[in-house]
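> Build me a model from this:
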Amino acid sequence: MSPFLRNAAIGALFCSYRALFYREWDLFLVLAAMGALAGCLYTLVEPAVRSHKRLHYLPWVLAGYLVIFGGVGVGAVIEHDTESLEMMKNPWFIGFVLLAGPIAAYAAARMFEDK
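Residues are numbered from 1 along each chain as shown. Below is the predicted model:
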């Protein structure tokens, strides 16, 4: 299996497993798609930053941002939830995501990598 497909499958499963347990099928599809895109993004960015020690966690952070903003945004559009769309324009939400995204991505990288 190619790394591209493997990372897409891992991202899809990691992002959508809870929606599967709660039988939220619309949300499951959105989160699986965002996870698969995040896995593909990670696969594309990772070779470019492999040799740079300081940029080691950049693919994880970008994938985390994609999942957070994409999951909330696409979920809000599918559910026709204007409150969620307005929340994405709130500076406090954006600030929270900009701070929490890298922290969560760093934790995920430390947990999933074998180094």
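> remind me which residues of the protein are low pLDDT?
114-115 (pLDDT under 70).
> Please name the residues that touch the residue minimising distance to the centre of it.
Centroid check for the chain by Cα atoms, centre = their mean gives Val67 as the closest residue, at 2.6 Å. Counting by Cβ atoms under 8 Å, 6 or more residues apart in numbering, Val67 makes contact with 11, 15, 31, 34-35, 38. Any C-beta I mention is one placed from the backbone N, CA and C, and that applies to glycine too.
> Likewise for Asn7?
Here Asn7 is in contact with 39-40, 42-43 (Cβ under 8 Å, 6+ apart).
> Can you tell me which of the residues you listed has the most neighbours?
Gly39 (26 neighbours; other Cβ atoms under 10 Å).
> Next, give phi and psi for that residue.
phi -60, psi -40 (degrees, to the nearest 10).
> and the residue in the chain sticking out farthest from the centre, helix, strand or coil?
Within the chain, Ser51 marks the point farthest from the mean C-alpha position, 23.3 Å out by Cα atoms, centre = their mean. The three-state assignment at Ser51 reads coil, by DSSP: H, G, I helix; E, B strand; the rest coil.
> Just want the phi and psi numbers for it.
The phi/psi pair for Ser51 (degrees, to the nearest 10) is phi -90, psi -10.
> before we move on, back to that, next one: the residue nearest to the centre of the chain relative to Phe96, how far apart?
Noted for Val67: a distance of 15 Å to Phe96, by Cβ to Cβ, to the nearest Å.
> element containing the residue lying closest to Glu79 once chain neighbours are set aside?
Distance criterion Cβ to Cβ, 6 or more residues apart in numbering; nearest residue to Glu79, sequence neighbours excluded, is Asp26 at 7.4 Å. Assigned by DSSP states H and E, Asp26 falls within helix 25-49.
> any residues touching that helix, and which ones?
3-4, 6-16, 19-20, 55-56, 58-60, 62-64, 66-67, 70-71, 74-75, 78-79.
> Just the buried residues from the residues you listed, in PyMOL please.
Filtering these down to the buried ones (16 or more other Cβ atoms under 10 Å) takes a single PyMOL command:
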select buried, resi 7+8+10+11+12+14+15+16+19+56+58+59+60+62+63+64+66+67+70+71+74+75
